[in-house]
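Novice: Give me coordinates for this.
(chains A, B, C and D)
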Protein chains: 4
Amino acid sequence: MPNTFGHLFTVTTWGESHGPAIGAVVDGCPPRLPLTEADIQAELDRRRPGQSDIVTPRKEEDRVEILSGVFEGRTTGTPISLLVRNADQRPGAYDEMRDKFRPSHADFTYQAKYGIRAHRGGGRRSARETIGRVAGGAIARKALSLGGGVEIRAFLTQVHDIAVPSGALADFPTLAAVEATAVRCPHLPTAERMIERIKAVRSEGDSVGGVIECRVRGVPPGLGEPVFDRLEADLAKAMLSLPATKGFEIGSGFAGAGQRGSEHNDLFESRDGSIRTRTNRSGGTQGGISNGEEIVFRVAFKPTATILQPQATVDRQGAATELIGRGRHDPCVVPRAVPIVEAMTALVLLDHWLRHAAQCGSLRF
Amino acid sequence: MPNTFGHLFTVTTWGESHGPAIGAVVDGCPPRLPLTEADIQAELDRRRPGQSDIVTPRKEEDRVEILSGVFEGRTTGTPISLLVRNADQRPGAYDEMRDKFRPSHADFTYQAKYGIRAHRGGGRRSARETIGRVAGGAIARKALSLGGGVEIRAFLTQVHDIAVPSGALADFPTLAAVEATAVRCPHLPTAERMIERIKAVRSEGDSVGGVIECRVRGVPPGLGEPVFDRLEADLAKAMLSLPATKGFEIGSGFAGAGQRGSEHNDLFESRDGSIRTRTNRSGGTQGGISNGEEIVFRVAFKPTATILQPQATVDRQGAATELIGRGRHDPCVVPRAVPIVEAMTALVLLDHWLRHAAQCGSLRF
Amino acid sequence: MPNTFGHLFTVTTWGESHGPAIGAVVDGCPPRLPLTEADIQAELDRRRPGQSDIVTPRKEEDRVEILSGVFEGRTTGTPISLLVRNADQRPGAYDEMRDKFRPSHADFTYQAKYGIRAHRGGGRRSARETIGRVAGGAIARKALSLGGGVEIRAFLTQVHDIAVPSGALADFPTLAAVEATAVRCPHLPTAERMIERIKAVRSEGDSVGGVIECRVRGVPPGLGEPVFDRLEADLAKAMLSLPATKGFEIGSGFAGAGQRGSEHNDLFESRDGSIRTRTNRSGGTQGGISNGEEIVFRVAFKPTATILQPQATVDRQGAATELIGRGRHDPCVVPRAVPIVEAMTALVLLDHWLRHAAQCGSLRF
Amino acid sequence: MPNTFGHLFTVTTWGESHGPAIGAVVDGCPPRLPLTEADIQAELDRRRPGQSDIVTPRKEEDRVEILSGVFEGRTTGTPISLLVRNADQRPGAYDEMRDKFRPSHADFTYQAKYGIRAHRGGGRRSARETIGRVAGGAIARKALSLGGGVEIRAFLTQVHDIAVPSGALADFPTLAAVEATAVRCPHLPTAERMIERIKAVRSEGDSVGGVIECRVRGVPPGLGEPVFDRLEADLAKAMLSLPATKGFEIGSGFAGAGQRGSEHNDLFESRDGSIRTRTNRSGGTQGGISNGEEIVFRVAFKPTATILQPQATVDRQGAATELIGRGRHDPCVVPRAVPIVEAMTALVLLDHWLRHAAQCGSLRF
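Specialist: As a prediction, this is how the structure comes out:
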């Protein structure tokens, strides 16, 4: 089921960039969760194009409709079908893509795999696919928050070579701080420099990548599975399943590879009546299971593949040709990826919450 | 199924460090693959303790028995049960661990999750669990190699702060070059420095981390799934499911986040009658699907958590105490992780090979 | 994933009887299959209410929209989203059902399970859920037919105590013969008696059950899995997942339990260059795997639970009360279940076709 | 994963009749369940050959070893590996089966599917595969009994044409009554006739089929999933996955198809402070979800395919030949199938128990 994520709480996404609609089906949702379209719309609005002057000007309302699974304002435990109509389509703008493969896009690999592809606007390869993830994630997030007190916060720590200074974000950032700027970096001086860089790069018809950090607090010890479905493994999969991602690290990450055990180990202590670690180089999990500390991970995004400069490529017959980016694109996708990273995090955590409850919480001996 | 990996070609591992045995069940294997215990033993011998003077001296033969699924030297398509008896057990050496939580190990999280744990030698948390992965991976590897011409090679590029110089490993390393030193780094000058560092650190009762790079050639375009089960997502999950891993990156990875689109994009060209990319910053996949180029990724490992120095910790009641590492441990687990990384890679690739064949190769219209 | 069927070719259904719409998402479809809404509509029209004077008069057009996964008339290998708007809703007609549990319906069990239920028209418990199955099954059926030459035919063999005489349907019935009467029994004298009985029972405000037989020809030897996912096991699950079903039998079925081995065994012979069985008491599978003979099974349906007579029941507080059936219902659901049985059969067979191709057809040694 | 059953509590079986061993891996078991080998052995002894003079004389101790997942007498939540060595092998007895296909066995279909098969004693097709099911089921049964108060009882109601008189087994039979005779029919007069019939048939070198009924009490309302994974659908799949089964029916079953709604419906009433049904034609579920009544279903078994009479068949080249049953076989497999039916029932129920707890019991709003 390549278009479904999760084991117990699942999201199945469907839809192409230039088809009539995009959507998702959420299955396994706990019953009686208060839920309205507004809960979901709030998150969709955060990923929507056209929010600021540093993102794509594509005009999409991205209004979500709940078609099933909610009755008198509460979930019923049956599948929740979510629908978003596509609006601002310019199919003619994409004729060239029928035959030419855009560099570092998935046109060639789709053609190689399926022998057919919907070429307009990237079809299924469009980042519009993530609408379904954000919609499903909004439900997971609400369940985790209301039922479990879990709080998820993602934000930018790097755009191109501009990074938040080390140690500058020690506290769990507030949502207001993240949303204060279009670039979603809660460190304001850095945010301003990031925005400038994005504008400069855009004016050159170019693009840049960046890094998102995500922190989660309120996760109790015990979530995760020790072998293949480690919490960090499922988070890594969730993040690398996002368009344009190139890397994932948790806790100390790649830097940890350069350390000694004596400096890297997180020593245990008793604090406020709980067993806690003094440091958090583990990033909130040990052996694949949450330890009650903040979950902290980072995701690397490559620069947007579409650039407004001519690039050499080939057509379907392999003949050399040239392609120049058209359509409407983000010079840097990373700010709009923040709610998507949060959505995927919520999906992983709620799924593991339910799995843990099933195995360890339902029968007592 | 937290102890099963894969969708069509699956490996289920079982066993604890100090139980009677460790093993795996492989299901979904294509029939008629020539297979003997020697095929599997060769890979187990590469991960086995006691291979060199820089790894743990635990004495384990790790002899594999095939209990089912092979008939007259060929797989039958039914489950292959693999068994390895545990031999060198010193249960008494672990009495202290019954009550005290080892820092940066999973003792605490297992206790929190299950309310019970086999404490000797880490029980299920021991890296001996990876025996089943290597055994299953050896079968996947043989199927990919014989049936598909796929070649997988992992090796160390970093130990502590000693790294292979950039560009020094342009060619696909040979197995002989990797196996030439105990540290499994095919760049000999670097390998020598790595070995010295590991010895130095061990003499201080300390440990270090490192980085493994894995390359795969011979994968045809088309493997992978575009949305959640992207090839890179499944590789990321596979790697982060390994003990002691903290990060994963594919192609340009975290460095790619610091680049511009105009320098990062892989331009297409025709080469030798195929559509190829001039560069390989994508790392062999685009949009989650293999593009026929080399698959290249890196995995970060933290320093071994067990060190032979006293460390502060708490016991199960939360009372402060101290623990000093005993038992037999690797000062750097990374060299022995090389065959494990290769095994997990083989599992991911064979599973996607079968999935792709099912959807795109079995019915023609 | 309680609302998803299948492993490789999957259908996820969603929707309630009195919500805005009903639908399904089909994933894993082989690419390049020619597909239009008309292909699906033809099957939906067969299950639609209001087709004849022996079924419910609920007026539903049940027009299907394909929202994704098809491009220029062919499937793309990405998820196919199918939507059917609900039209003829009379929510007021169901107020009584908010508090009272209908006998032999699932009102009570939904309330017990979820603590909430959409009570109008049975909500998710309505047989309108099967629209998604029929829509998904239509795609599977076309793929099997075009790509594999498989033909599926279901029909009634019993209504109440009126049954087709033994041996009267030796030949594979034509679609025309099945569709010739509203009751979908290809044995015309029996069909006429069935229709009379249904009318008589309806005039008394009562209902009756019946039996469907399904035959499949063109399935090659080799489909199915030998242990848990036997072809007959997956068919049994598929059929018992349908509303109102009480039994499943394949080949000789329950009658076979009363036979001796010497009379029951299917002897092998060579016929037309193939290995065939002389008789087909096995019903087309041996050991869970198709043997190339006709697959033959039967499904028992109970009488419709809704009857237009007063029945004793309780309300949510457990107080004794009475309920009289309202709304629009079929006095016998079995004729409309014929396309649903065929749809589920197609889903099982295509899924196993792809599974078999993956394991046994993609790598050769 | 064709050799794995279940979603959360899973059993993976492996092994061939004449390989070195047979076994199973149980994953997802709730932690802290008291468990010893004796718990499992008790159930294995019930299915073991050689228990009485009406079953196969094959001599197998079928001693189970627990290799993992249990620590100091309690389950740890990690996989439980179970091993049973094969003992009484007579490989030479099966040479003829290398080339000839036994009628109504799976020799031909395995050969067609895999192109290879372990021919001795039926290899993977042997009913010895069910050892793993019974072992895994014993664990599920203990968890359900200790943690949930669920009681499962299967027994024979028919052998050949000898059946328990209607209504003769109104009460839930005791285990002692079932085990009182070798034929496991708690109605003694019928049991005696069944035993005679089996002996008579055996003396003619022939075999007979039969029917098992299974009843479960103590299941609370709410287990099961409403659409594809209905409780009765998963029970049907579980039963049809057993060797030699030809049919499944729940509650009224096929007889229900011949009834009217007014006589078939189960009216609700309040009894002992609970909402109960007056009758139980539904068989314990409505809409796929348990309703708190006894779960009652029946399974049809065909006569043993191996008979000690010459039968016409073909060899692998399709040439006509003859085969006479050798080896050691049961003239009626049904008595030994009783613990297997109970085991599969326990697997289905525990899996649904955990699924229900996950979705409906873990987060409250």
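Novice: residue ranges with poor pLDDT in chain A?
Specialist: For chain A, applying pLDDT under 70 flags the ranges A:89-93, A:326-328.
Novice: repeat that for 90
Specialist: Applying pLDDT under 90 to chain A flags the ranges A:1, A:18, A:48-61, A:87-98, A:119-123, A:125-127, A:324-330, A:362.
Novice: Can you show me the helices along it?
Specialist: Along chain A, counting by DSSP state H, helices occupy A:37-47, A:107-114, A:130-148, A:175-179, A:188-203, A:231-240, A:253-256, A:261-264, A:334-361.
Novice: ok, and which of these has the densest surroundings?
Specialist: Neighbour counts (mean count of other C-beta atoms under 10 Å in any protein chain shown) averaged over each of the helices of chain A peak at helix A:231-240, with a mean of 29. The C-beta positions use only the backbone N, C-alpha and C, and glycine is treated the same way.
Novice: Contacts for that one, please.
Specialist: Defining contact as C-beta atoms under 8 Å, 6 or more residues apart in numbering or on different chains, one finds that helix A:231-240 is touched by A:5, A:223-225, A:245, A:248, A:250, A:283, A:285, A:288-290, A:295, A:297, A:299, A:341, A:344-345, A:347-348, A:351-352, B:228, B:230, B:232-241, B:245, B:248, B:250.
Novice: Stretch A:40-55 vs chain C: in contact?
Specialist: No - if you take C-beta under 8 Å from any C-beta of the partner chain as the test, stretch A:40-55 misses chain C, and the best it gets is 15.5 Å.
Novice: Distance-wise, check the residue of the stretch 51-200 of chain A found nearest chain D relative to residue C:117.
Specialist: Chain D sits closest to residue A:147 of the stretch 51-200 of chain A, with a gap of 3.4 Å, by C-beta to the nearest C-beta. The spacing between residue A:147 and residue C:117, counted by C-beta to C-beta, to the nearest Å, is 20 Å.
Novice: Over to residue A:220?
Specialist: Distance, residue A:220 to residue C:117, using C-beta to C-beta: 31 Å.
Novice: Tell me how far the one residue in the stretch 151-300 of chain A that gets nearest to chain B lies from residue A:254.
Specialist: In the stretch 151-300 of chain A, the residue that lies nearest chain B is residue A:287 (2.3 Å; C-beta to the nearest C-beta). Counting by C-beta to C-beta, the separation of residue A:287 from residue A:254 is 20 Å.
Novice: contacting residues around the residue of the stretch 51-200 of chain A closest to chain D?
Specialist: Residue A:147 neighbours (C-beta under 8 Å, 6+ apart): A:30, A:33, D:363-365.
Novice: try 6 Å
Specialist: By C-beta atoms under 6 Å, 6 or more residues apart in numbering or on different chains, the contact list for residue A:147 reads D:363, D:365.
Novice: what does chain A put close to chain D?
Specialist: Contacts of chain A with chain D, taken as C-beta under 6 Å from any C-beta of the partner chain, map to A:8, A:28, A:30, A:32-33, A:143, A:146-147, A:354, A:357-359, A:362-363, A:365.
Novice: how about a cut-off of 7 Å?
Specialist: Proximity of chain A to chain D (C-beta under 7 Å from any C-beta of the partner chain) is limited to residues A:8, A:28, A:30-34, A:77, A:143, A:146-148, A:353-355, A:357-365.
Novice: sorry, back to before: of residue A:220 and residue C:117, which one has the most company?
Specialist: Counted by other C-beta atoms under 10 Å in any protein chain shown, residue A:220 and residue C:117 do not tie: residue C:117 has more neighbours, with 26 against 15.
Novice: Please enumerate the strands of the stretch 51-200 of chain A.
Specialist: Along the stretch 51-200 of chain A, counting by DSSP state E, counting those that start in this stretch, strands occupy A:64-66, A:70-71, A:74-75, A:80-85, A:151-159, A:162-163.
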